[in-house]
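1. Just a sequence and a predicted model for now, questions to come.
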Amino acid sequence: MKNVIDIDGHKAVVSFDPEIGLLRGEFLGLNGGADFYAKSVNELSTESRKSLKVFLDICKEENIEPYREFSGR
């Protein structure tokens, strides 16, 4: 089962990974991977914000556009 959540205006897909027993999320529409893991729904929000901040900080340092361009397809 997958769910889409909104974290500060950024969409992320969240699912439960039974192999590791954690919730796993991955942001959509980014030019790279920004995923996060949490033991609980409450922890999900904190971990997602940390992951997104690290991703955006690296993009800024490397002068990389963080968001994927959509082709309209």
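-> Happy to help now that I have it. Numbering: from 1, shown residues only.
2. Which pLDDT value belongs to the residue nearest to the spatial centre of the chain?
-> Nearest residue to the geometric centre of the chain (C-alpha atoms, centre = their mean): residue 27, 2.9 Å. As predicted, residue 27 sits at a pLDDT of 95.
3. ranges for the helices of this structure?
-> Along the chain, counting by DSSP state H, helices occupy 41-62.
4. before we move on, the earlier item: report the beta-bridge partner residues of the residue nearest to the centre of the chain.
-> Note on residue 27: beta-bridge partners by DSSP bridges are residue 12.
5. Could you double-check that it sits in contact with residue 53?
-> No: here residue 27 does not reach residue 53: they are 11.4 Å apart, not a contact under C-beta atoms under 8 Å. In short, each C-beta sits where N, CA and C put it, glycine included.
6. Pick out the least confidently modelled helix or strand of the protein, by mean pLDDT.
-> Ranking every helix and strand in the chain by mean pLDDT, DSSP states H and E puts strand 2-7 at the bottom, with a mean of 89.
7. And for residue 7, the neighbour number?
-> Other residues lying near residue 7 total 18 when counted by other C-beta atoms under 10 Å.
8. Please report how far it lies from residue 20.
-> Distance, residue 7 to residue 20, using C-beta to C-beta, to the nearest Å: 21 Å.
9. just residue 47 next, same as before
-> 14 Å.
10. quick one: common contacting residues for these two?
-> Both residue 47 and residue 20 are in contact with residue 37, where contact means C-beta atoms under 8 Å, 6 or more residues apart in numbering.
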